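Asker: I would like to see how this sequence folds:
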Amino acid sequence: MLSSFGLATARRVRVIGARSAFSTVARTAASSKIPISIRIAAVFNRGFAATASRSATRTATATAPKKTTTTKKPAAKTTTTAGQKKATTTKKATAKKAAPKKKAAPKKKTSRPKKAVKEIPESIKLFRQVKELKAKGLIKEQPALLPATSWMVYRLKNGKDVSEKGAIETSRILKEGFAVLSSAEKQALQDEAHANKVRNDATLISWVATYPVETIEAANRARTKLRKLGKPSRASLKDPRKPKGVTTAFSHFVSKRLASGDYEGVPVTTKLSGIASEWKDMSESDRKPFVQLYLADRERYRVERASLSPSP
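Answerer: Numbers count the residues shown, from 1 in each chain. Coordinates of the predicted model:
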């Protein structure tokens with residue numbers, strides 16, 4: 001049975017086939033002696049059968065489901081055996097042991113050009129040295145002291161009256177006034193200066209006691225160095241806690257010779273040169289008593305130094 005689409009197609013083919021059949025019959029009618037009616041019927045039937053077969057094949061191909069063909073990939077064959085795996089792993093291990101790793105080459109350091117060191121001027125070096133010495137010498141830390149001379153006392157009392165005339169003129173006027181003072185006035189100034197000196201000593205002793213002995217010794221060394229450099233400094237500090245220094249054997253001998261009176265009225269330089277020559281001519285046995293005095297004094301200094309309170 002044909003579908004509706006197939007029947008409609010067959011009807012069209014019949015009409016077309018009839019037209020072609022009539023034309024074909026008309027062409028062949030003249031050459032053939034077969035009756036025309038038989039020939040028309042044969043042509044019509046042949047065309048109808050061909051048309052029906054073509055429409056049937058079209059509908060069959062249109063309605064038939066399409067088959068999908070999937071091609072499977074062949075599975076990879078494993079040809080390696082357990083023995084071959086072990087052999088390959090051992091070869092890799094031996095290859096790793098045999099070929100040591102190459103150490104990375106150290107990176108070359110690019111040498112930067114060194115900066116030229118600037119030389120410090122001598123003036124700046126001296127300035128820094130003086131500043132350091134003043135710090136060690138406790139210059140700023142030392143308390144203010146009263147005038148300890150008659151001139152300083154007079155200047156302090158009368159300097160304010162003429163201070164408006166300038167430093168040079170003030171100094172000239174004060175010197176002229178101090179020169180014409182009476183002996184009684186000068187004695188009063190000396191007495192006041194002496195009293196101030198006593199007060200200053202007491203103030204310094206109490207202030208020195210607030211520092212360790214080693215710090216005061218370092219301050220005195222710094223003050224001495226400042227004076228050698230020609231810079232303003234202050235007098236060395238007296239520390240009653242510090243033990244008396246050790247007296248050498250030669251110093252004991254000099255003291256004994258001066259006390260003997262043999263060099264009475266002889267100049268100092270002659271005394272010292274004569275005593276020094278005597279010391280050189282002395283034997284070891286003659287020097288031994290003075291050496292013993294020196295050793296005893298050194299032991300005394302060691303004990304007194306050890307008895308000082310430790311530095312904070």
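Asker: Please count neighbours and contacts with C-alpha atoms only from this point.
Answerer: Noted.
Asker: Pull the number of nearby residues for residue 137.
Answerer: Per other C-alpha atoms under 10 Å, the neighbour tally for residue 137 reads 27.
Asker: Please name the residues that touch the closest residue to it other than its chain neighbours.
Answerer: Closest residue in space to residue 137, ignoring its immediate chain neighbours: residue 219 at 3.8 Å, by C-alpha to C-alpha, 6 or more residues apart in numbering. Counting by C-alpha atoms under 8 Å, 6 or more residues apart in numbering, residue 219 touches 136, 137, 138, 237.
Asker: Now residue 219: which helix or strand?
Answerer: Using DSSP states H and E, residue 219 falls within helix 213-228.
Asker: That helix: which residues count as buried?
Answerer: Across helix 213-228, burial judged by 16 or more other C-alpha atoms under 10 Å covers 213, 216, 217, 219, 220, 222, 223, 224, 225, 226.
Asker: Compare the contacts of residue 219 and tell me which is most surrounded.
Answerer: Result: residue 137 is most packed of the contacts of residue 219 (other C-alpha under 10 Å), 27 neighbours.
Asker: where's residue 147 relative to residue 276, distance?
Answerer: 42 Å (C-alpha to C-alpha, to the nearest Å).
Asker: between these two, who's got more neighbours?
Answerer: Remark: of residue 147 and residue 276, residue 147 carries more neighbours, 19 against 14, as counted by other C-alpha under 10 Å.
Asker: Could you check the host helix or strand of residue 152 and say which residues are buried?
Answerer: If you go by DSSP H and E, residue 152 is part of helix 150-158. Neighbour-count burial for helix 150-158, counted by 16+ other C-alpha under 10 Å, picks out 150, 151, 153, 154, 155.
Asker: and what of stretch 240-252?
Answerer: Buried, per 16+ other C-alpha under 10 Å, within stretch 240-252: 243, 246, 248, 249, 250.
Asker: if I read this right, the second one contacts residue 294, doesn't it?
Answerer: This means residue 246. Yes: counting by C-alpha atoms under 8 Å, residue 246 does reach residue 294; the two are 7.3 Å apart.
Asker: Can you name the residues that contact the closest residue to residue 148 other than its chain neighbours?
Answerer: Spatial nearest neighbour of residue 148, chain neighbours left out: residue 193 (4.4 Å); criterion: C-alpha to C-alpha, 6+ apart. Residue 193 is in contact with 147, 148, 149, 150, 153, counting by C-alpha under 8 Å, 6+ apart.
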